[in-house]
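Chemist: Everything below, folded, please.
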Amino acid sequence: MALAATFGYHAEMETIMSDFGELEIWIDRQGEERYTAQLRFRQAGSEDDRVTPAVGVDLDRAALSSSELDPGKYGEGMAAILAREEISGELEQARAVCEAGGLPLRVRLFLGPGAQDLHSLRWETMGDPRTPNIP
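Modeler: Predicted structure coming up:
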């Protein structure tokens, strides 16, 4: 199932209007050591979704492994996923829309069926790219 179709299916399941913006980051495998990310943003009170095209993301597993005992540094390595221009631009746009409306932004991460190996990463250390040392 295509990611956009998955987002559409999820959106149909959620019929209750929310009082927050929602940004979903969907990561899946593409090839041996390559992953893609696709984002879906839904503004509070809207039924319309904005879905980005899938873009490649790189995970520096060696750097993550070497910083395993330093949560701040590990979190910076994880936040690098969000630093890609297409991803950071969508994140900033979603944040601006929510801030303008005085509403929170909920960010959810989904790992696709091809990205099972990413479950072992310490996603909880990923912080806001604007403040990389604060998880």
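Chemist: all contacts plus neighbour counts: C-alpha atoms, from now on.
Modeler: Noted.
Chemist: Based on its surroundings, how many neighbours for the residue lying closest to Asp48 once chain neighbours are set aside?
Modeler: Spatial nearest neighbour of Asp48, excluding adjacent residues (C-alpha to C-alpha, 6 or more residues apart in numbering): Arg42 at 6.3 Å. Arg42 has 20 neighbours, counted by other C-alpha atoms under 10 Å.
Chemist: So what are the sheet partners of whichever strand or helix holds Phe110 and their directions?
Modeler: Phe110 is part of strand 105-111 when elements are defined by DSSP states H and E. Taking DSSP bridges as the criterion, strand 105-111 forms sheet pairs with strand 21-29 (parallel).
Chemist: Using PDB, write out the CA atom coordinates for the strand it pairs with.
Modeler: Below are the C-alpha coordinates for strand 21-29, written out as PDB (Å, rounded to 0.1, in the frame of the first residue of the first chain):
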ATOM      1  CA  GLY A  21      -2.500  20.500  14.400                       C
ATOM      2  CA  GLU A  22      -1.100  17.100  13.600                       C
ATOM      3  CA  LEU A  23       2.100  16.200  11.700                       C
ATOM      4  CA  GLU A  24       2.800  12.600  10.900                       C
ATOM      5  CA  ILE A  25       6.200  11.500   9.900                       C
ATOM      6  CA  TRP A  26       6.100   8.100   8.100                       C
ATOM      7  CA  ILE A  27       9.500   6.400   7.500                       C
ATOM      8  CA  ASP A  28      10.000   3.300   5.500                       C
ATOM      9  CA  ARG A  29      12.800   1.400   3.800                       C
END
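Chemist: right, and the helix or strand after it?
Modeler: According to DSSP H and E, the helix or strand after strand 21-29 is strand 35-42.
Chemist: relative to strand 21-29, how tilted is that next one?
Modeler: Here the directions of strand 35-42 and strand 21-29 differ by 160 degrees (axes from the mean of the first three to the mean of the last three C-alpha atoms, to 10 degrees).
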